[in-house]
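*Asks:* okay, predicted coordinates and the sequence, questions at the end:
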Amino acid sequence: MSLSSINPQTNPFTAIRRWVIIFTTGLLALCLILWFLFPIQPFIAGVMLGLSISLYNILYLTRRIRLKCEQSILSSIRLPGSGMFHRYLMVTLAIIIAILYRDWIDVRAVVLGLPICYILVVLLELIAVLRQGVRSRKG
């Protein structure tokens with residue numbers, strides 16, 4: 001029995017996760033087009049690596065939060081954490097890959113691409129709150 005089977009309307013992560021995946025896929029496609037068009041391939045490859053790690057970390061975080069919610073609703077068994085150390089290791093892995101392949105991937109661009117999905121989540125949540133406020137004022 002999962003949280004989505006208990007009450008699908010109360011799971012706020014599905015819509016946000018879907019929009020984050022759509023926007024990130026669009027950004028990755030745009031980066032791929034730019035990689036073919038402009039001669040700054042190492043910089044664009046770094047942004048793509050950072051963006052990919054950022055997407056993975058967001059999806060991992062939402063999965064861990066969903067599992068923790070399910071565990072708290074269904075039983076008293078607690079999961080150890082939200083996977084913060086695992087997400088730090090993924091960022092470290094991206095930086096190590098960029099350092100090892102310095103000719104192909106720019107380290108500064110990896111750091112630039114890492115927070116994009118987190119910023120996207122905040123913006124999407126802000127848009128959802130503003131829409132909810134506008135709907136409540138109209139009614």
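*Replies:* On my side now, so go ahead. Residues are numbered from 1 along each chain as shown.
*Asks:* contacts, neighbours, all on C-alpha from now
*Replies:* OK.
*Asks:* so what touches the helix or strand residue 26 falls within?
*Replies:* Using DSSP states H and E, residue 26 sits within helix 13-37. Helix 13-37 has contacts (CA atoms under 8 Å, 6 or more residues apart in numbering) with 41, 44-45, 47-48, 51, 55, 59, 62, 117, 120-121, 124-125.
*Asks:* what of stretch 42-56?
*Replies:* So stretch 42-56 is contacted by 20-21, 24, 28, 31-32, 34-35, 90-91, 94, 98, 103-118 (CA under 8 Å, 6+ apart).
*Asks:* which SS state does residue 102 fall under?
*Replies:* Following DSSP: H, G, I helix; E, B strand; the rest coil, we place residue 102 in the coil state.
*Asks:* give me the phi and psi for it.
*Replies:* phi -60, psi -30 (degrees, to the nearest 10).
*Asks:* over to residue 114?
*Replies:* Dihedral angles (degrees, to the nearest 10) for residue 114: phi -60, psi -40.
*Asks:* let me see the contact set for it.
*Replies:* Contact analysis of residue 114 by CA under 8 Å, 6+ apart lists 47, 50-51, 53-54, 91.
*Asks:* now those as CSV including pLDDT?
*Replies:* As requested, those are exported to CSV (pLDDT from 0 to 100):
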residue, pLDDT
47, 95
50, 95
51, 95
53, 95
54, 95
91, 93
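*Asks:* PyMOL command to pick out the buried ones of the contacts of stretch 42-56?
*Replies:* PyMOL command restricting those to the buried ones, with burial defined by 16 or more other CA atoms under 10 Å:
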select buried, resi 20+21+24+28+31+35+90+91+94+98+104+105+106+107+109+110+111+112+113+114+115+116+117
